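got a sequence here, can you model it:
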Amino acid sequence: MSDTNVVLDAYGLSKTYRTGPDEIVVWTDVNFQVSEGETISIIGASGSGKSTLLNALGGLDSIDSGEVMLAGHAIHSLDEIKRTQLRNRDLGFVYQFHHLLPEFSALENVMMPLLIRGEPSKQAKDSALACLTQVGLSERAQHKPSELSGGERQRVAIARALVGEPKVVLLDEPTGNLDQQTAEQVEDVLLGLAASVGMAFVIVTHDEELAGRANKRYKLLDKTLVQL
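So this is what the prediction gives:
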């Protein structure tokens, strides 16, 4: 893909933690690009900083050097208000634990990012229902999270991440809390959507099979990111 299709460009990223007099390097000189419709996987040992890197890509975690360009905007150079606006417009997030709001239905959970954005309720509802249909859950729209299976809850979380039509969706162990059969079903939904909706997906995972199905694979190794 040509550079004109790059939607996320991370360059020169480094991150250290300071504990008293000690400085712990998490990763250094991380560089990679993600293009429209591309699926990227990042693997690495526990404690290698995969989730920290994903949070840095989304502007949720600070970095010591480098920058992340999202849709032409330097995330870490923005003030908190503009960074939040950029995240709401151009980023979707899916975590290992779905983080759905228990008192709201699946439909209301998926509507939430659009309502926060200020979209009219009717428009948000129509968009949310379309996304639930994409992940095969239109008939479960009125069910609360407690009434859904683990795989269904994760598919609602995926629909919520997609509903705002972000440029990039960041996924942190999206199948890590599911049994193998359910994980495979969620993987199929994810990768099918990535192929059909034209959004870029960046997936942090321990699941070698899921990682292997991405367009590009990376590994955090010896405190830097290497392409496999």
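
show me the strands in this protein, by range?
For the chain, the strands defined by DSSP state E cover 6-19, 22-35, 39-44, 65-70, 73-74, 91-94, 168-172, 200-204, 216-221, 224-227.

render the CA-only coordinates of the last one in PDB, please.
Once non-C-alpha atoms are left out, strand 224-227 reads as follows in PDB (Å, rounded to 0.1, in the frame of the first residue of the first chain):
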ATOM      1  CA  THR A 224      12.100  -3.100  20.600                       C
ATOM      2  CA  LEU A 225       9.600  -4.000  17.900                       C
ATOM      3  CA  VAL A 226      10.600  -6.400  15.100                       C
ATOM      4  CA  GLN A 227       8.600  -7.400  12.100                       C
END
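
same for that strand, what does it pack against?
strand 22-35, strand 216-221 (3 or more Cβ pairs under 8 Å, 6 or more residues apart in numbering; DSSP states H and E). Glycine gets a C-beta too; all of them are placed from N, C-alpha and C.

in its sheet, what does the longest one sit against?
Looking at strand 22-35 with DSSP bridges, its paired strands and their directions are strand 6-19 (antiparallel).

among the helices and strands packed on strand 224-227, which is nearest Val135?
Ranking these by their distance to Val135 (criterion: Cβ to Cβ) puts strand 22-35 first, at 21.9 Å.

how about residues contacting that closest one?
1, 3, 5-18, 40, 48-49, 52-53, 66, 168, 200, 202, 218, 220, 223-225, 227 (Cβ atoms under 8 Å, 6 or more residues apart in numbering).

and that strand, how far out from the chain's middle?
For strand 22-35, the distance from its own C-alpha centre to the chain's C-alpha centre is 18 Å (Cα atoms, centre = their mean, to the nearest Å).

now the residue nearest to Gly176 when sequence neighbours are not counted: how far from Glu208?
Once flanking residues are discounted, Gly176 sits nearest to Gln96: 4.3 Å by Cβ to Cβ, 6 or more residues apart in numbering. For Gln96, the distance to Glu208 equals 16 Å [Cβ to Cβ, to the nearest Å].

quick one: which of those two has more around it?
Taking neighbours as other Cβ atoms under 10 Å, Gln96 and Glu208 compare with Gln96 leading, 19 against 11.

what's that one in contact with, if anything?
172-174, 176-177.

what are the buried residues along the longest helix seen in the chain?
Counting residues, the longest helix found in the chain (DSSP state H) is helix 180-197. Residues 182-187, 189-191, 193-194 are the ones in helix 180-197 that count as buried (16 or more other Cβ atoms under 10 Å).

let me know which of the helices and strands packed on strand 224-227 is tucked in deepest.
A comparison of those by mean neighbour count, using mean count of other Cβ atoms under 10 Å, puts strand 216-221 on top with a mean of 18.

taking strand 39-44 as reference, get the angle to it.
Comparing the axes of strand 216-221 and strand 39-44 via axes from the mean of the first three to the mean of the last three Cα atoms, to 10 degrees yields an angle of 20 degrees.

nice, that's everything, thank you.
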